[in-house]
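> Sequence below, structure please.
(chains A and B)
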There are 2 protein chains.
Amino acid sequence: VSNAGGLGTLAGGYLSPEVLRAEIRRTRALTDKPFAVNLFVPTAVHDPNLSAALDALGPLRTELGLPPAPVITSWAEDFDAQLAVVEDEHVPIFSFTFGIPDAEALTRLHDAATITIGTATNVDEALALEDAGVDVVCAQGAEAGGHHGTWAGDPWRSLIGTVALVPMVCDAVHLPVIAAGGIMDGRGVAAALCLGAGAAQLGTAFMLTPEAGTAAPHRRAMRTARATDTALTSHVTGRLARGIHNRLMEELQHVEVPPYPVMNALTTDLRRTAAQRDDGELMSLWCGQGAPLARDGSAQEVVGALMANLVAVVQDLYASSADNEAGT
Amino acid sequence: VSNAGGLGTLAGGYLSPEVLRAEIRRTRALTDKPFAVNLFVPTAVHDPNLSAALDALGPLRTELGLPPAPVITSWAEDFDAQLAVVEDEHVPIFSFTFGIPDAEALTRLHDAATITIGTATNVDEALALEDAGVDVVCAQGAEAGGHHGTWAGDPWRSLIGTVALVPMVCDAVHLPVIAAGGIMDGRGVAAALCLGAGAAQLGTAFMLTPEAGTAAPHRRAMRTARATDTALTSHVTGRLARGIHNRLMEELQHVEVPPYPVMNALTTDLRRTAAQRDDGELMSLWCGQGAPLARDGSAQEVVGALMANLVAVVQDLYASSADNEAGT
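Take a look at the predicted model:
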C-alpha cells in the first residue's frame, strides 16, 4: 500500500514485541515510503468472571478437537513493551485505538517526531484526543468492520454513520481528520474529502488482496456477502465488532461474557483453529458493511484503481457543478 | 424548500384524504415549482395482540390525564383514498416508503406522468423497486431519523450506513438514486454526489426551521443533542425508528408490542398530548444522527446555505485534486 502511494499500516495489536520488531523491519525492507504501526491501548480488567463464557465455549471447543478450556498466560500482549519497539524502531507514524496512551508516552513519541493518530467513534473522544496532544483524529463510522474503537461513552450509541460523524468531528477539533467506515473505493474517498476529512482509511477494501492475512473461509464468506449479512456483536471478543453473521455470533449471543481483552483471549485459539479447519462458522469473519464492494487484485492494484476512480469522481462532480452554475 | 430551489416534500402519511387534498392545494398556492407528496404503503396486520402494550401504556396515559386506552377507529389512514387524491390533484412527484404500491397504481401514476420515488434500505429493496417500474430509488442510510423504511429483509440488518449503501445501490440499479441518512449540509450533499447519487434527501436538517411542524420540546431536545443521544427503537410505533433517547423509549423497551401501524396508533394520542404539554420525555423525538448539525433559520436560508456550501466544497475538492495532480 505504501509503495502504491497510500499509507500502509502494520496491524501490531496482537503481535509480541519480538514479532512486531521483525515485522517493522520487514516492512522497512519492502518500502522506503512512510508507513504506520497500529496498537491497541489496554483497558484494565479486574477479576473477570469466566464461567458462563467457558461453559458456552466448551462444546464448541470439543467440536473442533480442542481441550475444554484454553491455556492462557496473559489476556493481551504487553502494550508498553510493544510501544517501546515502536519508539525504538523510529516508526514514522503511530496509530492507536481503544483509548489514549498516557501523557508520558505521547510526549516521548512527539519528541521523536512520530506522528500520532488516535481513533474516535464520537465527538467526545475526538475532543479528548485533541486535548491529549494527539496529531490526527481517525473518525471511525458505524459501517466499519472488526472492532469499534469506542472508549468514552456507550459503544452502541457511538455507532454513528460516517456521513454524520465526520463533519461533526471536523467541526469539533482543529486537527486533521481521517474518515473510516464503509469507504471502499474512489467514490468513498471523494465523499470523505467532501465531508471535511483530509484522508480516508480503508480496511475491508484490502481484505481480498493476496497480501492480506484473510483466511480462506473468510474470503469465501466475503465474496458472497451482502451488506445485510454483517452484524454487530460484543460477545465474541468482549468488545463491539462487526463481521459477517455466523454460528459463533449466534452461539455466544445470549452468554454473559467477560470484557475485552479477556473474552478475546478465551476465543482466540478456537477461532484460529476453525480458520485452519476451513470452518467459517466458528471463526470471526470481521468486515465492514462495504464488503460486497471489496475487489480482487493486489494491494497495489486496489490503491491504483482507487486513485484513478477518485480523480474521475472529482472531475465529474466539478464538471456537473460547473454545468449547473452555467444553467445547462 | 421548492421556492428556494430544492424539491419540497409534503409528508402525507398521517393525513386524511381531505386534509391531504387541502395541503396539496395550499402547497400549489405557495409555489409554482415542483414538489413531492410522500405516503406510507400499508402493511397488512392480522389480529394484533394489544394486551402487553396497553398494560405498559396505561400508567403513562394516566400520568398525562388520558383515559386508560385510546379510542381507535382505524389503525391507519386509507392508503388507496390518499393515493386517489395524489392522482386526482396531478401531484408531479410521488414518493413512498414501507413497500411498493401495487402494479395497477404504479401504471396509473406512470400514465399520468407522475415521477415515482421508492425507498430502499438495502440492495434487495432497490432491485425490487426497479423491477416494479419505479422511476427513482431513495437509498435510506442507517443515520436517518424517524422511521426506517425496511420492507424486505431484517430491519436491524438493513441499518447500512449511507457511505456503504449508496454506492452499492448505484451499482445494482440503473435508476437515478437519491441518498438519504445523516446528510445535513453542503458537505453531505457533495459526499452523496461523490457516492454516485444524483441528489440528496434531507429531513433532520429542516427540523429547526420555523416552517417545520417540530414541537417545542422536540426543538429543545435537538438543540442540545449530541450524535450519541439518538437511539433506535421499534417499540414506540412497531417499526424501527431513530430519535433522541427518552423515557418513552425506555418504558417500552422490553414490552412486546404489536407491529406498525397498530402500535403507532396506540401511542399517537399519548405522544401528541405529551408534546402539547411540553413534555419531551413521553413523545417521539425523531431525528437523525446529524441532529447536532441542524441549523436555525428559514427553510429558504437552510437551502441557500446548503447550496453555497456545496459549491464551495466542490471547488475546494477540485482545486486540491488539481494541486495533487500538479504535484504541489
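> where along the stretch 51-200 of chain A do the helices fall?
Applying DSSP state H, counting those that start in this stretch to the stretch 51-200 of chain A gives helices spanning A:51-63, A:79-88, A:103-111, A:123-131, A:162-172, A:186-194.
> helices or strands up against the fourth one?
Put plainly, it is helix A:123-131. strand A:115-120, strand A:136-140, helix A:162-172 (3 or more Cβ pairs under 8 Å, 6 or more residues apart in numbering or on different chains; DSSP states H and E). The C-beta positions use only the backbone N, C-alpha and C, and glycine is treated the same way.
> can you give me how far the last one is from the chain middle?
In other words, helix A:162-172. 19 Å (Cα atoms, centre = their mean, to the nearest Å).
> Around chain B, which positions in the stretch 201-328 of chain A sit nearby?
Residues of the stretch 201-328 of chain A that fall close to chain B, judged by Cβ under 8 Å from any Cβ of the partner chain: A:226-231, A:245, A:288-290, A:292-293, A:310-311, A:313-315, A:317-318, A:320-321, A:325.
> let's see 7 Å
Proximity of the stretch 201-328 of chain A to chain B, by Cβ under 7 Å from any Cβ of the partner chain, involves residues A:226-228, A:231, A:288-290, A:292-293, A:311, A:313-314, A:317-318, A:321.
> Give me the subset of those residues lying in helices.
Those of those mapping onto helices are A:Val311, A:Val313, A:Val314, A:Leu317, A:Tyr318, A:Ser321, per DSSP state H.
> Out of those, which comes closest to B:Glu130?
A:Val313 (23.1 Å; Cβ to Cβ).
> picking that back up, and the helices and strands packed on helix A:123-131: which comes nearest chain B?
Taking Cβ to the nearest Cβ, helix A:162-172 is the member of the helices and strands packed on helix A:123-131 nearest to chain B, at 3.5 Å.
> Buried among the residues of the stretch 201-328 of chain A next to chain B? Make that a PyMOL selection.
Only the buried entries of those go into this PyMOL selection, using 16 or more other Cβ atoms under 10 Å in any protein chain shown:
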select buried, chain A and resi 226+227+228+231+288+289+290+292+293+311+313+314+317+318+321
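> Mind picking the lowest-pLDDT entry from the residues of the stretch 201-328 of chain A next to chain B?
Among these, A:Ser321 has the lowest pLDDT, at 83.
> so which residue of the stretch 1-150 of chain A comes closest to chain B?
Closest point on the stretch 1-150 of chain A to chain B, by Cβ to the nearest Cβ, is A:Glu143, at 3.7 Å.
> my read: that residue touches A:Gly182, true?
Yes: counting by Cβ atoms under 7 Å, A:Glu143 touches A:Gly182, with 2.8 Å between them.
> Report the set of residues contacting both of those two.
A:Thr162, A:Gly288, A:Gln289, A:Gly290, B:Gly161, B:Val163, B:Ala164 (Cβ atoms under 7 Å, 6 or more residues apart in numbering or on different chains).
> Surely the second one and A:Gln140 touch.
No: in this structure, A:Gly288 is not within contact of A:Gln140 by Cβ under 7 Å, at 10.1 Å.
> Overlap of the contact sets of the two?
With Cβ under 7 Å, 6+ apart, A:Gly288 and A:Gln140 have common neighbours A:Gly181.
> give me the low-pLDDT residue ranges for the stretch 1-150 of chain A?
Filtered on pLDDT under 70, the stretch 1-150 of chain A yields no residues whatsoever.
> ditto for the stretch 151-300 of chain A
For the stretch 151-300 of chain A, no range has pLDDT under 70.
> re the thing from before, I'd like to know which of the helices of the stretch 51-200 of chain A lies nearest to B:Asp47.
Once the helices of the stretch 51-200 of chain A are compared by Cβ to Cβ, helix A:51-63 is nearest, at 37.3 Å.
> quick one: the closest one to chain centroid distance?
27 Å.
> can you pull the buried residues of the helix or strand hosting A:Met249?
Assigned by DSSP states H and E, A:Met249 falls within helix A:247-252. Across helix A:247-252, burial judged by 16+ other Cβ under 10 Å covers A:Leu248, A:Met249, A:Glu251, A:Leu252.
> ditto for stretch A:22-32
Buried, per 16+ other Cβ under 10 Å, within stretch A:22-32: A:Glu23, A:Ile24, A:Thr27.
> so which strand or helix has the last one?
Okay, so that is A:Thr27. Going by DSSP H and E, A:Thr27 is in helix A:17-30.
> Quick one: list the elements packing against that helix.
strand A:8-11, helix A:79-88 (3 or more Cβ pairs under 7 Å, 6 or more residues apart in numbering or on different chains; DSSP states H and E).
> just checking, next helix/strand downstream of it?
As the chain continues past helix A:17-30, the following element, by DSSP H and E, is strand A:35-40.
> Give the partner strands of that next one in its sheet and their orientations.
strand A:8-11 (parallel), strand A:93-97 (parallel) (DSSP bridges).
> Could you export those strands to JSON lines, including columns for distance to B:Gly8 and mean neighbour count?
Shown next, in JSON lines, are these (distance: least, Cβ to Cβ, whole Å; neighbours: other Cβ atoms under 10 Å in any protein chain shown):
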{"stretch": "strand A:8-11", "distance to B:Gly8": "45", "mean neighbour count": "19"}
{"stretch": "strand A:93-97", "distance to B:Gly8": "43", "mean neighbour count": "24"}
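> Could you dump these into JSON lines with distance to B:Ala200 added?
Conversion of the strands paired with strand A:35-40 to JSON lines gives the following (distance: least, Cβ to Cβ, whole Å):
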{"stretch": "strand A:8-11", "distance to B:Ala200": "32"}
{"stretch": "strand A:93-97", "distance to B:Ala200": "31"}
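> Of all those, which one comes closest to A:Glu130?
Among the strands paired with strand A:35-40, strand A:93-97 sits nearest to A:Glu130 (Cβ to Cβ), with 14.7 Å.
> what inclination does the closest one have with respect to helix A:103-111?
For strand A:93-97 against helix A:103-111, the angle by axes from the mean of the first three to the mean of the last three Cα atoms, to 10 degrees is 150 degrees.
> contact partners of strand A:93-97?
A:7, A:9, A:34, A:36-41, A:86, A:109, A:114-119, A:138, A:149.
> angle of it against helix A:123-131?
Using the same axes, to 10 degrees: strand A:93-97 against helix A:123-131 is 150 degrees.
> Tell me what angle strand A:93-97 forms with strand A:136-140.
40 degrees.
> List every C-alpha atom in strand A:93-97, with coordinates, as PDB.
Output in PDB follows, covering the C-alpha atoms of strand A:93-97 (Å, rounded to 0.1, in the frame of the first residue of the first chain):
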ATOM      1  CA  ILE A  93       3.500   7.200  12.200                       C
ATOM      2  CA  PHE A  94       1.900   5.500  15.200                       C
ATOM      3  CA  SER A  95      -1.900   4.900  15.300                       C
ATOM      4  CA  PHE A  96      -3.900   3.500  18.200                       C
ATOM      5  CA  THR A  97      -7.400   2.600  19.200                       C
END
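> so it versus helix A:79-88, what angle?
Going by the same axes, to 10 degrees, strand A:93-97 makes 160 degrees with helix A:79-88.
> Going along the chain, name the strands of the stretch 201-328 of chain A.
A:230-233, A:241-244 (DSSP state E, counting those that start in this stretch).
> Among the ones you listed, which comes closest to A:Gly213?
So among the strands of the stretch 201-328 of chain A, strand A:241-244 is nearest, using Cβ to Cβ, at 15.0 Å.
> Please tell me how far A:Gln276 sits from chain B.
The gap separating A:Gln276 from chain B is 29 Å, by Cβ to the nearest Cβ, to the nearest Å.
> now that residue: how far from A:Leu282?
11 Å (Cβ to Cβ, to the nearest Å).
> Compare the two and say which is more crowded by neighbours.
A:Leu282 (21 against 13; other Cβ atoms under 10 Å in any protein chain shown).
> Skip the chain neighbours and tell me the closest residue to that one.
Residue nearest to A:Leu282 in three dimensions, not counting chain neighbours: A:Ala274, with 3.7 Å by Cβ to Cβ, 6 or more residues apart in numbering or on different chains.
> Grab the nearest non-local neighbour of A:Met207.
A:Thr214 (4.8 Å).
> Not including adjacent chain positions, what is the nearest residue to A:Gly5?
Closest to A:Gly5 by Cβ to Cβ, 6+ apart is A:Val303, at 6.0 Å.
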